[in-house]
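Engineer: I would like the atomic coordinates for the input below:
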Amino acid sequence: MVKNQQVIGYLPDERPPIWKLLLYAIQQVIVMFPATVAVALITGFHVSTTIFASGLATICFILVTGRKIPLYYGSSFSYVAAIGSLMSSEALAGYVLNDKIAIAQFGIVMSGIVSIAAGLIVMRFGKDTIDKILPATITGPIAMVIGLTLAGVAMQDTMAIAIDNAGTLPVTESMIPFAKNMALIVSLVTLVSTILLSVYLKGFMGQLPLIIGPIIGCFAAFIIKLATGVDLFKVLPATSNSGIFALPVFTLPKPSWFAVAAIMPIAIATIPESTAHIFQLDIYVNDLAKKKGSNKVYNLADKLGLNLVGDGIGDMVAGFIGGPAGTNYGENISAMAITRVFSVSVLIGASIISMVIACFTPLINAIYSIPTAVIGGLEVYLFGAIAAQGIAIMVEKKVDLFSAKNIAIIATIMIIGLGGQFGFGGNIPFFGLEVPCIAGAAIFGIILNLILSIGNRKDAEKSA
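Structural biologist: Next up, the predicted model:
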């Protein structure tokens, strides 16, 4: 029993002391921030609105799910191509930015219906229904693909050099290789520091590696700036001087079936992603409960239907006020798994902090100015952890990796997902359509699994 008492961590229904809760919450904000802001920058959505939407959608998700599922909602890369293509399409060429966002919002709101419908099906017919459609042989590889398709982004960020608002580099052309090497050093300092802290720090400090690591990385960037003159801190946008307090730009959806056709189908890709996340949580939360000596069983996997409904509500809430479509974040799950803090109260705190940050310009500027190289070091760790959790799903579910059927499903999902990302830039051309690689891999895996299950089902019936 003494050994169990030494295990430090917080289960979903446990709340840390307020000062610890705030630090844990800030850590969750830092983890979600890079991807959420990146989606906003790529799609052309307002950054402050996107951050605010992630916080509001998370609170709505937690309320809808009865404060039982510790997940953070953020903007999803799965939607980037669809939203970006819509925003830059000839059909919207004559529209101002806010009108383009408003039209895309309608497609985002409607995409929430897909997740809600999937959740209601699971709640009506049981978890076994989704297990047949999305077994561990699909959700595991999808989680791996999600993490590995972001590998290129992580590695590019490790050597990123900040540019000013005019697109000018802070160093001469001859100095670019040296500046990139300095950026790589900062990334390595951040990565190694975060890993060492998460492995060797014990007690309360051992739960804050994703705050302390980036701080060390920023300190390294500051030292490099003083010693070499290479400034890796990001240049603030022109709007950064708009005062201390500035509300995000909220827009309302404008009905457009063109936007629905472009964005709504992408929600299919987030269903296996969200399913994988809830299975990951179930494994890690119950493992912590056992180590703490708790007799309580957290049946998070059985709440899959509720999770999907909450995800759909998150899409609707975010889309309604002007944020991109999203899903619950694997990065935040990685942070929870590393720190062993699964408290729902912490995520509520993170949501409130995100909404506050979105309204206060100095706070936005402080986080925005963090060197991309520091974020890149974190991404190497977090994106890799997402992929590793995909392996954990298959191990936990005892997937037979010598089965011809399982090998076929896993192999094709991995190659379609990764090949689509690195061979076609994320979108696979198919009869004039641009299919996101994760969506394409998921759909193919689901169909292949259903086809290959026909014979197995008959054999099972004969055995019975």
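Engineer: Which element is encountered next along the chain beyond the lowest-mean-pLDDT helix or strand in the chain?
Structural biologist: Across the helices and strands of the chain, mean confidence by mean pLDDT, DSSP states H and E is lowest for helix 2-5: a mean of 46. Stepping forward along the backbone from helix 2-5, the first helix or strand reached (DSSP states H and E) is helix 18-43.
Engineer: Report the contact partners of F33.
Structural biologist: With contact set as C-beta atoms under 8 Å, 6 or more residues apart in numbering, F33 has these partners: I51, I367. C-beta: built from backbone N, CA, C; applies to glycine.
Engineer: partner residues bridging I428?
Structural biologist: When assigned by DSSP bridges, I428 has beta-bridge partners V435.
Engineer: Make 455 the starting number, not 1.
Structural biologist: Sounds good: first residue 455 from here, last item I882.
Engineer: right, and it touches I897 too?
Structural biologist: No. Contact between I882 and I897 fails when scored by C-beta atoms under 8 Å: they sit 10.7 Å apart.
Engineer: Looking at those two, which has the bigger crowd around it?
Structural biologist: Here I882 and I897 are compared on neighbour count by other C-beta atoms under 10 Å; more neighbours surround I882, at 21 against 16.
Engineer: Just list the residues touching that one, thanks.
Structural biologist: I882 neighbours (C-beta under 8 Å, 6+ apart): I870, G874, E888, V889, P890, C891, G894.
Engineer: pLDDT (mean, whole number) over the helix or strand hosting I562?
Structural biologist: Using DSSP H and E, I562 falls within helix 551-579. Per-residue confidence for helix 551-579 averages out to 92 on the pLDDT scale.
Engineer: Repeat that for stretch 881-893.
Structural biologist: Computed over stretch 881-893, the mean pLDDT rounds to 78.
Engineer: center of this structure, which residue is that?
Structural biologist: In the chain, the C-alpha closest to the average C-alpha coordinate belongs to Y783, at a distance of 3.3 Å (C-alpha atoms, centre = their mean).
Engineer: what kind of secondary structure is the residue lying closest to that residue once chain neighbours are set aside in?
Structural biologist: Spatial nearest neighbour of Y783, excluding adjacent residues (C-beta to C-beta, 6 or more residues apart in numbering): G528 at 4.5 Å. Assigned by DSSP: H, G, I helix; E, B strand; the rest coil, the conformation of G528 is strand.
Engineer: For G528, list the residues it contacts.
Structural biologist: Contacts of G528 were listed using C-beta under 8 Å, 6+ apart, and they are M486, A489, T490, S508, T512, G780, T781, N782, Y783, E785, N786.
Engineer: again, 6 Å this time
Structural biologist: With C-beta atoms under 6 Å, 6 or more residues apart in numbering as the criterion, the residues that contact G528 are M486, T490, S508, G780, Y783.
Engineer: Let me see the confidence value for the fourth one.
Structural biologist: The predicted local distance difference test score for G780 is 87.
Engineer: burial of it, as a residue count?
Structural biologist: Counted with other C-beta under 10 Å, residues neighbouring G780 total 31.
Engineer: That one contacts S529, doesn't it?
Structural biologist: Yes. Under the criterion of C-beta atoms under 6 Å, G780 makes contact with S529 at 4.5 Å.
Engineer: shaky segments in the stretch 505-654 of the chain?
Structural biologist: Low-confidence segments of the stretch 505-654 of the chain, defined by pLDDT under 70, span residues 535, 617-626.
Engineer: where along it do the helices fall?
Structural biologist: Counting by DSSP state H, counting those that start in this stretch, the stretch 505-654 of the chain has helices at residues 534-541, 551-579, 581-587, 590-603, 605-612, 630-654.
Engineer: Could you check how far I596 is from A558?
Structural biologist: Using C-beta to C-beta, to the nearest Å, one obtains 25 Å as the distance from I596 to A558.
Engineer: out of those two, which sits in the more crowded spot?
Structural biologist: Neighbours per residue, other C-beta under 10 Å: of I596 and A558, the larger number sits with A558, 31 against 27.
Engineer: Can you give me every residue that contacts that one?
Structural biologist: For A558, counting by C-beta under 6 Å, 6+ apart, the contacting residues are I537, L540, A713.
Engineer: redo that, cut-off 10 Å
Structural biologist: Listed by C-beta atoms under 10 Å, 6 or more residues apart in numbering, the contact set of A558 reads 497-499, 533, 536-538, 540-541, 546, 705, 707-708, 710, 713, 716-717, 773, 776, 778-779.
Engineer: Please pick the buried ones from the residues you listed.
Structural biologist: Using 16 or more other C-beta atoms under 10 Å as the burial test, these include 497, 499, 533, 536-538, 540-541, 546, 705, 707-708, 710, 713, 716-717, 773, 776, 778-779 as buried.
Engineer: so T793 touches I484, yeah?
Structural biologist: No. With contacts defined as C-beta atoms under 10 Å, T793 does not count as touching I484, sitting 12.0 Å away.
Engineer: Identify the contacts common to the two.
Structural biologist: Shared between the contact lists of T793 and I484 (criterion: C-beta under 10 Å, 6+ apart) are residues L664, I665.
Engineer: confidence score at A914?
Structural biologist: Predicted confidence (pLDDT) for A914: 51.
Engineer: scratch that, A723 is what I was asking about
Structural biologist: As predicted, A723 sits at a pLDDT of 67.
Engineer: Check P691 too.
Structural biologist: 63.
Engineer: for Q661, same thing?
Structural biologist: Taken from the predicted model, the pLDDT recorded for Q661 is 62.
Engineer: tally of neighbours for S907?
Structural biologist: Going by other C-beta under 10 Å, the residues that sit close to S907 add up to 16.
Engineer: Also G683?
Structural biologist: Counted with other C-beta under 10 Å, the burial measure for G683 works out to 12 neighbours.
Engineer: I'd guessed it sits against M629; true?
Structural biologist: Yes. Applying C-beta under 10 Å, one finds G683 in contact with M629, separated by 8.9 Å.
Engineer: which residues are in contact with both of these two?
Structural biologist: Listed contacts common to G683 and M629 are M636; contacts here mean C-beta under 10 Å, 6+ apart.
Engineer: need the contact list for T490.
Structural biologist: By C-beta under 10 Å, 6+ apart, the contact set of T490 is 483, 501, 504-505, 507-509, 526-530, 777-778, 780, 783, 785, 808.
Engineer: Phi, psi for S748 please.
Structural biologist: phi -80, psi 140 (degrees, to the nearest 10).
Engineer: and stretch 561-581, which residues are buried?
Structural biologist: Going through stretch 561-581 with 16+ other C-beta under 10 Å, the ones that come out buried are 561-566, 568-570, 572-573, 576-577.
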